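Engineer: task: produce atomic coordinates for the following.
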Amino acid sequence: MIKSLNKNQIKELIDNSDIALSHQEISKRLERQCDRVTIYRALDKLMEEGFIHRIVDVDGVSKFAACHGCTKNHHHQHVHFSCSVCSSVTCLEEIEPDFSLPEGYQVQEMNITLSGVCPVCSA
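Structural biologist: Have a look, this model is predicted:
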């Protein structure tokens, strides 16, 4: 069973981050207080509980971001931005893609990641 303290530390870390965090970044920020399996279990549990969501960046690395104003059965139908300079991934929650699919297709999950240079790196 996951220790609540570890799960809560990870949730707080993700909640307070302006960017999505990878497993490695979480481990580093926790100063290696948790082993990698504990972190993976906590991330899975937090996703299951609807507190965070997974984003796969353009390099195929899974990163995790907080869910804001979502219900338990929410969907993350917003755009993500991956910076090619600093490798940060940011949720652009105010941008929801709008498109129509051919007849018979139904969207169950969407993962749209734009790649480019973030405002910090372009300044």
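
Engineer: and the residue nearest to D18 when sequence neighbours are not counted, how many neighbours?
Structural biologist: Leaving aside its sequence neighbours, D18 sits nearest to T90 (CB to CB, 6 or more residues apart in numbering; 7.2 Å). Using the backbone N, CA and C atoms, a C-beta is placed for each residue, glycine as well. By other CB atoms under 10 Å, 20 other residues sit near T90.

Engineer: over to E93?
Structural biologist: Counted with other CB under 10 Å, residues neighbouring E93 total 16.

Engineer: against H80, how distant is it?
Structural biologist: Applying CB to CB, to the nearest Å, the value for E93 to H80 is 10 Å.

Engineer: picking up where we left off before, now the helix or strand hosting the residue nearest to D18: average pLDDT?
Structural biologist: Assigning secondary structure by DSSP states H and E places T90 in strand 89-92. Mean pLDDT, strand 89-92: 88.

Engineer: what of stretch 61-72?
Structural biologist: Stretch 61-72 shows a mean pLDDT of 77 in the predicted model.

Engineer: and if you look at stretch 38-54?
Structural biologist: The predicted model assigns stretch 38-54 a mean pLDDT of 93.

Engineer: show me which residues of it are buried.
Structural biologist: Going by neighbour count (16 or more other CB atoms under 10 Å), the buried part of stretch 38-54 is T38, I39, R41, A42, L43, K45, L46, F51, I52, H53.

Engineer: farthest pair within the residues you listed?
Structural biologist: By the measure CB to CB, T38 and H53 form the most distant pair in these, at 20.0 Å.

Engineer: all good on my end, thank you.
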